[in-house]
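Novice: Compute the structure for the input listed below.
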Amino acid sequence: MSVTAEVKQEIFAKFGKSKTDTGNSEGQIAMFSARIAHLTDHLKKNKKDYNTQKSLIAMVGKRRALLDYLKHRDIARYRVIIQELGLRR
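Specialist: Here you go, the predicted model:
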């Protein structure tokens, strides 16, 4: 199972404006990061799950696009989210 509803609410409460603010860029980036971490652990156990591997690559691309958008819109918010999530860039 993927990320549960309670975990999603916690992520959006921490990184978004509220726990129901799912459209905020920081919240979406944090959500993608949690899902990417979950799928990475899954793929370490199931190396031949190519459908999940393809989904993981797509999610990384979507997160990268959101990070690029945030970088161009507000560099300060970009730097904060990168540091809080521990992403390389």
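
Novice: all contacts plus neighbour counts: C-alpha atoms, from now on.
Specialist: Will do.

Novice: chain center to the helix or strand encompassing Leu39: distance?
Specialist: For Leu39, the host element (DSSP states H and E) is helix 25-45. Here helix 25-45 shows a centroid-to-chain-centroid distance of 5 Å under the convention C-alpha atoms, centre = their mean, to the nearest Å.

Novice: buried ones in it?
Specialist: By 16 or more other C-alpha atoms under 10 Å, the buried positions in helix 25-45 come out as 25-36, 39, 43.

Novice: Just want to check the distance between Tyr69 and Arg63.
Specialist: Taking C-alpha to C-alpha, to the nearest Å as the measure, Tyr69 falls 10 Å from Arg63.

Novice: Give me the more crowded residue out of those two.
Specialist: Just comparing Tyr69 and Arg63: by other C-alpha atoms under 10 Å the higher neighbour count belongs to Arg63, 19 against 14.

Novice: wait, what's in contact with the more buried one?
Specialist: Contact analysis of Arg63 by C-alpha atoms under 8 Å, 6 or more residues apart in numbering lists 28-29, 32-33.

Novice: just Ala13 next, same as before
Specialist: 19-21.

Novice: centroid residue for this structure?
Specialist: Phe32 (2.1 Å; C-alpha atoms, centre = their mean).

Novice: how about the strand or helix carrying Met59: buried residues?
Specialist: Using DSSP H and E, Met59 maps to helix 50-73. Neighbour-count burial for helix 50-73, with 16+ other C-alpha under 10 Å as criterion, is recorded at 52-53, 56, 59-60, 63, 66-67, 70.

Novice: between it and helix 25-45, how many degrees?
Specialist: Per axes from the mean of the first three to the mean of the last three C-alpha atoms, to 10 degrees, the angle that helix 50-73 makes with helix 25-45 is 150 degrees.

Novice: So what's the gap between helix 50-73 and the chain middle?
Specialist: The chain centroid and the centroid of helix 50-73 are separated by 8 Å, computed with C-alpha atoms, centre = their mean.

Novice: Can you name the next helix or strand after it?
Specialist: Next helix or strand after helix 50-73 toward the C-terminus (DSSP H and E): helix 75-85.
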